[in-house]
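# Got a predicted structure plus its sequence, pasted below:
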Amino acid sequence: MIRVLLVCLGNICRSPTAETVFRSKIDKAGLSNSVDIVSCGTAGYHIGESPDSRSQAAAKGRGYDMSALRGRQIQNDDFECFDFILAMDESNLLELKQRCPKQYITKLGLFLTYAGSYQETEVPDPYYGGQQGFSHVLDLVEDASEGLVEVIKARL
């Protein structure tokens with residue numbers, strides 16, 4: 001089993017979107033029995049809360065349902081348990097690096113490293129913007145998810 005943890009700040013916009021989209025891509029690739037996917041935030045602002053309604057609406061518009069997800073904060077044992085720990089942006093990656101035991105540091109990275117069609121390195125936080133920001137997050141996440149599926153296929 002390959003375990004993937006997708007991380008943003010509050011776990012209500014970007015990382016639950018990434019979890020939902022990536023899970024869909026893994027399912028379509030027939031790998032759902034081989035890959036475990038979880039999202040979390042570096043901060044505890046929204047523990048137990050549903051994803052942002054605007055994220056859910058944008059995702060639903062593309063056929064994704066994230067309504068069952070609930071916010072969680074990264075835990076110390078996550079660094080040991082997950083094979084990939086992928087941040088949505090540099091700020092959260094820095095936070096992860098500061099908290100991560102040295103022996104697990106190679107598991108950390110940026111999610112958009114796996115994107116093939118976009119030059120951006122960070123998934124921008126859409127929280128304070130309009131609906132276009134949530135659509136752009138989906139564009140980026142769909143692209144990176146496809147790339148990560150290929151990497152995981154090669155590992156299996």
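Ah, there it is.
# residues touching residue 119, list them.
By C-beta atoms under 8 Å, 6 or more residues apart in numbering, no residues touch residue 119. Glycine gets a C-beta too; all of them are placed from N, C-alpha and C.
# Now do it against residue 109, distance only.
Going from residue 119 to residue 109 by C-beta to C-beta, to the nearest Å gives 17 Å.
# Residue 137 too?
For residue 137, the distance to residue 109 equals 18 Å [C-beta to C-beta].
# Same check on residue 8?
Taking C-beta to C-beta, one finds residue 8 at 14 Å from residue 109.
# Pick out whichever of the two has more residues nearby.
Using other C-beta atoms under 10 Å as the criterion, residue 8 and residue 109 rank with residue 8 on top: 27 against 14.
# any idea how far that one lies from residue 39?
8 Å.
# Need the residues touching each of those two.
15, 18.
# Could you list the alpha-carbon positions for stretch 75-83 in CSV?
Extracted in CSV, the C-alpha atoms of stretch 75-83 (Å, rounded to 0.1, in the frame of the first residue of the first chain):
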residue,chain,number,x,y,z
GLN,A,75,-0.1,14.5,13.4
ASN,A,76,3.5,13.6,14.3
ASP,A,77,3.1,10.0,13.3
ASP,A,78,2.0,11.0,9.8
PHE,A,79,5.6,11.6,8.9
GLU,A,80,6.3,7.9,9.5
CYS,A,81,3.1,6.5,8.1
PHE,A,82,2.9,8.2,4.7
ASP,A,83,5.1,7.6,1.7
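# just the strands in this structure please.
In the chain, the segments counted as strands under DSSP state E are 2-8, 35-41, 84-87, 108-110.
# Output those in CSV; the columns should cover mean pLDDT.
As requested, the strands of the chain are exported to CSV (pLDDT from 0 to 100):
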stretch, mean pLDDT
strand 2-8, 98
strand 35-41, 98
strand 84-87, 98
strand 108-110, 98
